[in-house]
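Asks: give the three-dimensional model of this entry:
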Amino acid sequence: MTHTLTGMTAVVTGAGSGIGRATAHAFADRGANVLAVGRTREKLVATAGDRSSIVPLSADVTGRTSPTAIIEAALETFGGIDVLVHSAGSLRRTPLGTICADDFDRFMAVNLRAPLLLTQAAMAPLTRSRGTIVNVSASFGQRGWPGLSLYGAAKAGLDCFTRTWAGELADRGIRVVSVAPGPVETPILENNALDDRAVTTIHRLHELLPLARLGSAEEVAWWIVNFAEPLAAYTTGAILPVDGGYGAV
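Replies: Numbers count the residues shown, from 1 in each chain. Prediction:
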């Protein structure tokens, strides 16, 4: 495998499983150092496995002091940051009529507030490296889905961040993009309080997709990592659907 990102450092949130884990692996396999951030240390250690360039950091991205602590850990460990990947997220059904203020606040804290505050904390080192921010949003943010209004709204907000930050940070040399997965086979479906009916419905989406299957975390991670490649340097503000054609039907 060509190590095209040797010497670079990527901070990846949500790295304990799914797309975050696959992204950490993909960066490491191309030669980058990776700070793998997540809530559960055991999962992060499993992510690192025998890849010595992946360093686990157990942190709750919604914590008030977490953004500063995460960036300081990356700088202390690796000396800089070239790529910041916001992959941490929460997916669960929130049907209209059942949502309380606390539900809303908790949901937006992980899906929207955390990427915002972590990005602000990383602006100085990303400016020095002329780095890249990759937001992992979702096709559900572009199309509605019953019972997932909060999730879709948060991901649509993340895409708005992408477009807005691309303009705000361009003069610092920082690029900002979104990768918007469609239905992907990851543990988030079973691990985030979706009922059996909702999980079954999402799994059956492959019957409606032009490509007739669910995606894999590795297929999404491939695009995330490629946005950090030197030849992607003319791309900012882009929102790339990786969704098997979900947005086209």
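
Asks: count of neighbours near the residue lying closest to Gly63 once chain neighbours are set aside?
Replies: Among residues not flanking Gly63 along the chain, Ala69 sits closest, at 7.8 Å (CB to CB, 6 or more residues apart in numbering). (Each C-beta comes from the backbone N, C-alpha and C, glycine too.) Residues lying near Ala69 (other CB atoms under 10 Å) number 14.

Asks: assign Ala69 to helix, strand or coil.
Replies: Here Ala69 is helix, with the state taken from DSSP: H, G, I helix; E, B strand; the rest coil.

Asks: hmm, Ala59 and it touching each other?
Replies: Yes: contact criterion CB atoms under 8 Å: Ala69 and Ala59 qualify, at 6.3 Å.

Asks: least trustworthy helix or strand in this structure by mean pLDDT?
Replies: helix 188-191 (a mean of 51; mean pLDDT, DSSP states H and E).

Asks: residue contacts, Val37?
Replies: Residues in contact with Val37 (CB atoms under 8 Å, 6 or more residues apart in numbering) are Val11, Val12, Thr13, Gly14, Ala15, Leu44, Leu57, Ala59, Val61, Ile70, Ala88.

Asks: at 6 Å what do you get?
Replies: Thr13, Ala15, Leu57, Ala59, Ile70 (CB atoms under 6 Å, 6 or more residues apart in numbering).

Asks: mind pulling up the phi and psi values for it?
Replies: phi -110, psi 140 (degrees, to the nearest 10).

Asks: list the beta-bridge partners for it.
Replies: For Val37, the beta-bridge partners are Thr13, Leu57 (DSSP bridges).

Asks: point out where the chain drops to low pLDDT.
Replies: 1, 140-145, 186-213, 244-249 (pLDDT under 70).
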